[in-house]
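Colleague: A predicted structure for the sequence below; I have some questions about it.
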Amino acid sequence: MTAEPTRARVAPLWRELRYAGELARLLADGRLRDRGGARDPQPVLLIPGFMAGDASLGVLRAWLERRGHSVATSGMRVNVDCTERIVGRLQAQLRALAAETGRSVFLIGQSRGGAMARCLAVRDPDATAGLAMLGAPVRDPLAISAPVRQAVRLMARLGDLGLPGMFSSGCRDGDCCAGVWRDLEAPLAPHIRALAVYSRSDGIVDWRACMDPCARAVEVDSSHCGMSVHPDVYELLARELERTQAAPSRPAAGARRSQRPRGSAAEALG
């Protein structure tokens with residue numbers, strides 16, 4: 001795990017109260033009701049964030065399905081288990097989904113789920129069509145607000161005491177998740193389109209930790225939790241899915257990856 005950034009600079013936690021307003025904006029936006037009619041439905045795997053479950057991505061799932069995509073969820077009620085254990089289970093699920101559909105899978109993960117999605121893309125590039133990370137602190141998973149960091153420490157203590165289904169301090173400090181830290185720094189296969197969505201007004205994650213050097217980074221004005229219901233994020237995902245489906249056949253192994261531009265959501269959508 002990279003040491004940067006060493007000190008998290010996060011917007012005030014009260015900025016997360018915007019979630020209700022962001023959801024209301026989406027419900028009033030025609031993009032949520034747009035069925036889209038995907039010409040070539042894409043298999044998608046959704047992975048929720050820390051302390052959240054599949055229900056937190058329910059609106060996103062419904063929107064993707066309405067557009068004709070085949071959506072699978074992680075099976076998690078709450079994302080608090082050891083990262084390596086979760087990634088192992090998700091990897092088996094990813095392979096099964098790719099085998100069942102005969103297609104590589106587009107991965108969408110929010111926060112911790114985005115970091116897990118990146119690990120999957122590194123471990124199973126042949127099963128991965130594309131990757132979207134929403135507010136995912138891939139450069140430093142602990143570049144988070146103080147209250148959330150305290151919650152992480154408390155849960156790690158519970159895991160140390162043997163509470164089942166909970167990560168422990170060994171996941172952070174020991175060899176348990178060494179492979180995860182390597183995957184977060186490893187390059188992505190050249191054919192994988194990667195999108196990193198970040199917000200400077202994120203009240204939970206330091207936006208700098210979301211700047212994956214292998215991804216096209218796009219800024220939105222959103223709360224951390226609200227990225228899963230933000231209209232601009234949905235527009236970005238719609239276009240990313242279209243580009244992934246329209247992409248030519250995979251380049252030969254070792255082909256050089258082109259530099260991804262960075263910009264705002266307005267620039268990306270323009």
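Modeller: Ah, there it is.
Colleague: quick check: S56 vs W181, distance?
Modeller: From S56 over to W181 the distance is 25 Å, taken as Cβ to Cβ, to the nearest Å. Any C-beta I mention is one placed from the backbone N, CA and C, and that applies to glycine too.
Colleague: what about the two, which has more around it?
Modeller: Using other Cβ atoms under 10 Å as the criterion, S56 and W181 rank with S56 on top: 21 against 15.
Colleague: wait, the more buried one touches P48, no?
Modeller: Yes - counting by Cβ atoms under 8 Å, P48 is a contact partner of S56 at 4.9 Å.
Colleague: any shared contact partners between the two?
Modeller: Q110 (Cβ atoms under 8 Å, 6 or more residues apart in numbering).
Colleague: so where do the strands sit in this protein?
Modeller: Secondary structure of the chain, counting by DSSP state E: strands at 43-47, 70-73, 105-110, 128-134, 193-198, 216-219, 263-264.
Colleague: just tell me which of the ones you listed ends up closest to A11.
Modeller: With Cβ to Cβ as the measure, strand 193-198 is the member of those nearest A11 (11.7 Å).
Colleague: and the pLDDT for P248?
Modeller: Looking at P248, its pLDDT reads 57.
Colleague: can you check the one 5 residues further on too?
Modeller: The model reports A253 with a pLDDT of 33.
Colleague: now swap in R31 and tell me
Modeller: Value for R31, per-residue pLDDT: 68.
Colleague: do D126 as well
Modeller: 96.
Colleague: do the same with S169
Modeller: S169 is given a pLDDT of 84.
Colleague: against P137, how distant is it?
Modeller: 19 Å.
Colleague: between these two, which has more neighbouring residues?
Modeller: Comparing S169 with P137 by other Cβ under 10 Å, the one with more neighbours is P137, at 29 against 15.
Colleague: tell me the contacts of G102?
Modeller: Applying Cβ under 8 Å, 6+ apart, no residues qualify as near G102.
Colleague: from A24, how far off is it?
Modeller: Counting by Cβ to Cβ, the gap from G102 to A24 is 39 Å.
Colleague: tell me who's in contact with the closest residue to P147 other than its chain neighbours.
Modeller: Leaving aside its chain neighbours, P147 sits nearest to L13 (6.2 Å; criterion: Cβ to Cβ, 6 or more residues apart in numbering). By Cβ under 8 Å, 6+ apart, the contact list for L13 reads 145, 147, 203-204.
Colleague: rewinding a little: now the strands of the chain as a markdown table including distance to C225 and mean neighbour count?
Modeller: Output for the strands of the chain, formatted as a markdown table (distance: least, Cβ to Cβ, whole Å; neighbours: other Cβ atoms under 10 Å):
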| stretch | distance to C225 | mean neighbour count |
| --- | --- | --- |
| strand 43-47 | 15 | 24 |
| strand 70-73 | 18 | 18 |
| strand 105-110 | 8 | 28 |
| strand 128-134 | 10 | 27 |
| strand 193-198 | 13 | 25 |
| strand 216-219 | 17 | 21 |
| strand 263-264 | 21 | 14 |
